[in-house]
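Undergrad: Fold the following.
(one chain, ligands or ions: 2)
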Amino acid sequence: MPYHTVFNKLAAYLFFLATVTSCTTAEIKNIGPTPLVLDIPTGFSEMKIPADNPMTVEAVALGRELFFDPILSKDYSISCASCHFPDHAFSDTVAVSAGVHQDRIGNRNAYGLGNVGFLEALFMEGGVPSLELQVLAPMGERSEMDLQIRDAVARLNEIPEYVDLAQKAYDREIDPWVITSALAAYQRTLISGDSPFDRYYYEGQENAIDAEAKAGWEHFQALNCTACHSAPLFTNQGYFNIGLYDTYDDPGRGRLTDKPEDHGKFRVPSLRNVSLTAPYMHDGSLKDLSSVIDHFASGGFAHPNKSSLIHGFAISEEEKGELIAFLESLTDSSFVHNSDHLPVTLR
Ligand code: HEC
Ligand code: HEC
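TA: Ligands and ions are numbered 1, 2, ... in the order given. Predicted coordinates:
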């Protein structure tokens with residue numbers, strides 16, 4: 001059952017409780033937050049949910065409001081969604097995102113957030129182990145939202161709607177734990193596993209993708225792209241240097257480990273919804289999928305850390321078109337256009 005159906009059912013249930021039964025308001029409150037069961041797509045493994053932040057309808061509702069609210073940035077100008085656009089599978093459309101100070105832009109491309117709840121570690125160097133902890137990075141980052149979490153707490157506790165949502169979700173006032181927990185819970189609902197390719201591959205619907213995309217899927221396997229971009233997430237979550245540069249400005253995983261052999265290694269990005277997440281690579285330096293394929297076909301620069309899996313290959317224009325058609329078949333329109341991901345005011 002898609003989780004929006006779960007939402008609807010739960011909403012109907014709550015309405016029923018509130019109207020038909022003779023419960024007092026106090027009794028209804030005692031029921032506590034409503035558990036939310038995620039709909040995990042075929043082929044995916046279960047998502048690990050921290051024991052102290054179980055999925056509930058109310059936590060997700062609070063996280064969704066926070067994700068779209070510019071109140072979390074210093075000058076009230078930027079929300080999480082300013083760099084993670086729902087229409088673009090929660091990625092940014094520019095190479096590097098601008099934060100609250102237009103003159104101070106970051107140096108990385110914002111990848112999509114689809115299936116982010118399934119990742120073992122976050123950020124391109126894998127330095128952050130949970131979505132709860134991740135939240136503090138963009139908020140505190142001078143080049144992004146530039147707001148201390150204690151200031152966010154003070155702002156939000158002045159807004160009765162937020163205080164009420166926090167009570168319902170976690171039975172306490174807004175505090176740093178509530179903010180990070182709710183944003184994490186919301187992001188765990190951003191699950192994408194219903195693309196035409198899924199219907200073809202996992203559900204056996206032969207006509208879900210056309211002959212061109214099928215040929216592209218064959219090339220994708222024959223060229224060993226699957227060694228790193230493996231189904232179902234289309235990332236093996238490993239860290240590789242793909243010879244994008246001969247010298248990297250951004251050390252990637254080397255920034256975390258400080259080891260020379262990790263220099264220029266980045267987490268393999270998921271290719272789900274990739275046709276919507278241009279520009280590409282950690283710095284957004286490649287403008288379209290054709291340029292990405294040209295990079296892999298060229299074999300890239302001979303960086304000492306370059307993976308031996310990147311060695312170049314010959315590909316015709318026709319085969320390239322097929323490979324792109326396959327990549328496009330990973331676009332999940334029911335994910336991208338799911339209005340349940342938006343606050344009620346934006347639906
Ligand atoms: C100014 C633009 C900007 C804003 C605002 C922003 N992000 Fe990001 N986000 C990025 C960029 C760029 C990255 C990639 C950074 C990296 O991997 O090192 C990123 C990465 C992430 C990741 C990790 C994804 C992954 O694949 O590892 C998560 C999760 C995330 N952001 C959530 C949020 C949340 C929640 C907010 C609001 C509190 C937010 N972002 C606000 C630009 C932004
Ligand atoms: C050795 C592992 C590896 C192999 C093999 C590999 N990739 Fe990648 N791919 C990566 C990494 C790592 C990145 C990100 C690199 C960076 O940002 O510096 C990437 C980036 C991409 C991107 C850009 C995604 C985005 O959101 O920016 C696409 C598209 C892509 N690869 C497609 C392919 C295709 C097609 C093949 C086969 C021809 C392939 N990859 C083979 C590791 C690999």
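Undergrad: and Arg108, which of the three is it?
TA: Following DSSP: H, G, I helix; E, B strand; the rest coil, Arg108 is assigned to coil.
Undergrad: Ala278 versus that one, what's the distance?
TA: Going from Arg108 to Ala278 by Cβ to Cβ, to the nearest Å gives 15 Å. Bear in mind the C-beta positions are built from the backbone N, C-alpha and C, glycine included.
Undergrad: same question, Cys83
TA: Distance from Cys83 to Ala278, by Cβ to Cβ: 15 Å.
Undergrad: do the same with Gly312
TA: 23 Å.
Undergrad: and if you look at Asp164?
TA: From Asp164 over to Ala278 (counting by Cβ to Cβ), the distance is 40 Å.
Undergrad: Which one of Gly312 and Ala278 is surrounded by more residues?
TA: Ala278 (19 against 12; other Cβ atoms under 10 Å).
Undergrad: Would you mind listing what in the stretch 101-250 of the chain touches ligand 1?
TA: 106, 108, 110-111, 113, 116, 119, 122-124, 131, 134-135, 138-139, 144-145, 183, 187 (Cβ under 6 Å from any ligand atom).
Undergrad: Check what pLDDT Pro138 gets.
TA: The model reports Pro138 with a pLDDT of 89.
Undergrad: helix, strand or coil for it?
TA: Assignment for Pro138 (three-state DSSP): helix.
Undergrad: now the helix or strand hosting Asp151, how far from the centre of its chain.
TA: Secondary structure from DSSP states H and E places Asp151 in helix 149-157. Centroid separation for helix 149-157 versus its chain: 25 Å, with Cα atoms, centre = their mean, to the nearest Å.
Undergrad: Other residues contacting it?
TA: With Cβ atoms under 8 Å, 6 or more residues apart in numbering as the contact definition, helix 149-157 has outside contacts at 71-72, 136, 139-140, 162-163, 166, 173-176, 179-180.
Undergrad: Need the CA coordinates for that helix. CSV is fine.
TA: Only the C-alpha atoms of helix 149-157 are listed here, as CSV (Å, rounded to 0.1, in the frame of the first residue of the first chain):
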residue,chain,number,x,y,z
ILE,A,149,19.9,25.4,16.2
ARG,A,150,19.2,27.2,19.5
ASP,A,151,18.0,30.2,17.5
ALA,A,152,15.8,27.9,15.4
VAL,A,153,14.3,26.5,18.6
ALA,A,154,13.5,30.0,20.0
ARG,A,155,11.9,31.0,16.7
LEU,A,156,9.8,27.9,16.4
ASN,A,157,8.6,27.9,20.0
